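Asker: got a sequence here, can you model it:
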Amino acid sequence: MALTICGPKLSGCCMILSLWGIIQLGLMGVFLYFHSVAFAEDIAADIPTNENWSDQQVIDKFYKDVDDAYEMCAVNCWIAAAIYVGFFAFSLQQFWANQRKK
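Answerer: Residues are numbered from 1 along each chain as shown. Below you'll find the predicted structure:
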């Protein structure tokens, strides 16, 4: 007999929410990896305020900071999607356990 922690409705709901989280965070990670402009306001990059923007080193450092921030956010989204995969597997196991119990 399998151990059931949550009921059939809760496990079904958690499966659906986990699947949605996997899809959403996976796609967000892909878009962030390809530096989508839609996420430009959400990227935490240091914008130099008192620097001379005509200096090429300042511009190169800014672009590198933005690239690093995009990649860090993409990796964070993929890590969160992987956590949702774990929750999906747990919810699926609970759903099957409740179905076998009937």
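Asker: now the helix or strand in which D60 is found: mean pLDDT?
Answerer: Using DSSP states H and E, D60 falls within helix 56-101. The pLDDT scores in helix 56-101 average 93.
Asker: likewise stretch 23-38?
Answerer: Mean predicted confidence for stretch 23-38 is 96.
Asker: run through who's touching that stretch.
Answerer: Applying CB atoms under 8 Å, 6 or more residues apart in numbering, the contact partners of stretch 23-38 are 39, 66-67, 70-71, 73-75, 77-78, 80-81, 84. (Glycine included, C-beta is placed from N, CA and C.)
Asker: hmm, which two among the residues you listed are most spread apart?
Answerer: V66 and Y84 (27.1 Å; CB to CB).
Asker: okay, those two: which has more neighbours?
Answerer: Y84 (20 against 17; other CB atoms under 10 Å).
Asker: okay, that one and C77: tell me how far apart.
Answerer: The spacing between Y84 and C77, counted by CB to CB, to the nearest Å, is 10 Å.
Asker: again, but for Q56
Answerer: Q56 is 32 Å from C77, by CB to CB.
Asker: more crowded one of the two?
Answerer: Per other CB under 10 Å, whichever of Q56 and C77 has more neighbours is C77, with 20 against 8.
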